[in-house]
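>>> Coordinates only, no sequence provided:
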C-alpha cells in the first residue's frame with residue numbers, strides 16, 4: 001500500500017472511488033460530476049491536504065480535507081472519508097491519518113473536525129482511537145411543511161446579500177461546516193435569503209436552496225422567540241420552494257423545543273450524526 005496526498009489524482013478517479021465507497025453506506029448516495037465539483041469548491045477541499053491509499057497505483061481509500069482559519073484557530077474539516085468495500089477492515093483510515101497528521105501539525109493545525117452517522121459504530125470507534133471526541137449530536141430533518149397563512153403583522157422579503165452582523169446576533173450555536181459563513185458565501189448564486197420583518201425590524205432570516213429544498217440556516221432574534229416567527233419563516237421557505245420536500249441538516253440536538261417545533265411543522269428526524277473533534281495541537 002502507498003499513502004500520498006491527492007494533488008495529482010484525476011477528477012474521474014476521485015469521482016469513481018467516492019461513489020464506490022459510499023454505494024453501500026448506511027445512507028447510500030451517488031454524486032454526479034457537477035455535485036462533486038461543487039462540493040470541492042464550496043467546502044474548500046484542498047487536495048494537497050487530502051490523502052489517499054493506493055494499491056498498485058489504484059486509489060482504494062481517501063480522506064478529503066478542507067481548511068479555514070477562524071477566531072485565530074486553524075481548522076481542518078474532514079469533508080468525506082471512504083474505503084472501497086474490498087479494502088475495509090484493514091485499518092486504512094488510521095494509516096491515512098498516521099500519514100497526514102504530521103503534515104497538519106507542521107501547518108500549525110489546531111483542530112480537526114468531522115461528522116459521522118449515529119449507528120456507524122466501526123467509524124466512531126476508529127475515530128475515537130485516533131483521538132477524536134464527540135462534541136455534539138446533529139439531527140437531520142426532512143418533510144413537507146404544513147401550509148398556513150403567515151402572521152398578519154409579519155412580512156417576508158427576499159434579501160440581496162447576507163447581513164452577517166445581524167444574522168450572527170440571532171445565533172445560540174455555531175452552524176456546522178457545511179452551513180458555515182465561508183461555505184454559504186461560495187454558494188451565494190444558488191441560494192435565496194429571506195428576511196422576516198415585524199414592521200421595519202429584521203427579526204429572523206433563512207438561507208436555503210429553492211431547487212434542492214435544502215435549508216442551511218434559520219434563526220430568530222432572541223427577543224421575538226415563542227411568537228410563531230419560526231413558523232412564519234418556514235412557511236416563507238415552503239412558498240418559495242413550491243411544494244418541494246424541505247431538508248434541514250445538522251440541527252444541534254441540545255434544544256428539545258427546536259425538535260418539537262420542526263416535528264409540528266411536518267418535518268421528521270430521519271438521521272443523526274455526531275460531530276467529532278481532535279485537538280492535535282494539544283498533542284504536539
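Yep, that arrived. For clarity, every value in this text was computed on a predicted model and none was experimentally measured.
>>> list the contacts for the closest residue to residue 101 other than its chain neighbours?
Distances taken as C-beta to C-beta, 6 or more residues apart in numbering place residue 280 nearest to residue 101, at 6.4 Å, with adjacent residues excluded. Quick note: C-beta positions are derived from backbone N, CA and C, even for glycine. By C-beta atoms under 8 Å, 6 or more residues apart in numbering, residue 280 lies in contact with 101, 104-105, 109-112, 131.
>>> mind listing which of those residues are in strands?
Mapping these onto strands (DSSP state E) picks out 111-112.
>>> for the contacts of residue 280, which one is nearest residue 6?
residue 104 (14.5 Å; C-beta to C-beta).
>>> now the helix or strand where residue 259 lies, how far from the centre of its chain.
Assessed by DSSP states H and E, residue 259 sits inside helix 256-264. In terms of C-alpha atoms, centre = their mean, to the nearest Å, the gap separating the centre of helix 256-264 from the centre of its chain is 20 Å.
>>> got the contact list for it?
139, 141, 230-231, 248, 251-253, 269.
>>> Past it, which element shows up next along the chain?
strand 267-278.
>>> mind listing what that next one pairs with, with the direction of each?
strand 111-117 (antiparallel), strand 133-143 (antiparallel) (DSSP bridges).
>>> which of these sits most buried?
Comparing these on average neighbours per residue, with mean count of other C-beta atoms under 10 Å, the densest one is strand 111-117 at a mean of 20.
>>> Would you mark the buried spots in the helix or strand following that one?
Counting by DSSP H and E, the next helix or strand C-terminal to strand 111-117 is helix 121-129. For helix 121-129, a neighbour-count test (16 or more other C-beta atoms under 10 Å) marks 123-124, 126-127 as buried.
>>> and the two most separated of these?
Maximum distance among the buried residues of helix 121-129 (C-beta to C-beta): 7.3 Å, for 124 and 126.
>>> From residue 66, how far off is the residue nearest to residue 101?
Counting by C-beta to C-beta, to the nearest Å, the gap between residue 280 and residue 66 amounts to 16 Å.
>>> shaky segments in the stretch 151-284 of the chain?
Filtered on pLDDT under 70, the stretch 151-284 of the chain yields the residue ranges 282-284.
>>> residues contacting residue 149?
Counted by C-beta under 8 Å, 6+ apart, residue 149 has contacts residue 235.
>>> Need the pLDDT of it.
Here the pLDDT value assigned to residue 149 is 75.
>>> how about the strands in the protein?
Counting by DSSP E, the strands of the chain are 2-5, 51-55, 58-70, 73-83, 111-117, 133-143, 154-159, 192-198, 201-209, 214-220, 246-252, 267-278.
>>> For the fourth one, give me every contacting residue.
Contacts made with strand 73-83 from outside it, assessed by C-beta under 8 Å, 6+ apart, are listed as 17-18, 20-22, 39, 43, 45, 49, 53, 60-69, 92-93, 104, 107-115, 123, 177.
>>> Give me the angle between that strand and strand 58-70.
Interaxial angle of strand 73-83 relative to strand 58-70 (axes from the mean of the first three to the mean of the last three C-alpha atoms, to 10 degrees): 160 degrees.
>>> the domain parsing of the protein - what is it?
Using automatic domain parsing, the domain parsing of the chain gives 2-109, 141-272.
>>> what would the ones you listed look like in JSON lines with distance to residue 119?
Listed next are the domains of the chain as JSON lines, based on distance: least, C-beta to C-beta, whole Å:
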{"stretch": "domain 2-109", "distance to residue 119": "6"}
{"stretch": "domain 141-272", "distance to residue 119": "8"}
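>>> Nearest to residue 135 among the ones you listed would be which one?
Short answer: domain 141-272, nearest of the domains of the chain by C-beta to C-beta, at 10.2 Å.
>>> Quick check: buried residues in the helix holding residue 259?
Quick answer for helix 256-264 (16+ other C-beta under 10 Å): 258-259, 261-262.
>>> Out of the residues you listed, which is nearest to residue 210?
Proximity to residue 210 was ranked across these by C-beta to C-beta; first place goes to residue 262, at 19.2 Å.
>>> Return the residues in contact with the closest residue to residue 155 other than its chain neighbours.
Spatial nearest neighbour of residue 155, excluding adjacent residues (C-beta to C-beta, 6+ apart): residue 197 at 4.8 Å. For residue 197, the contacting residues are 154-157, 203, by C-beta under 8 Å, 6+ apart.
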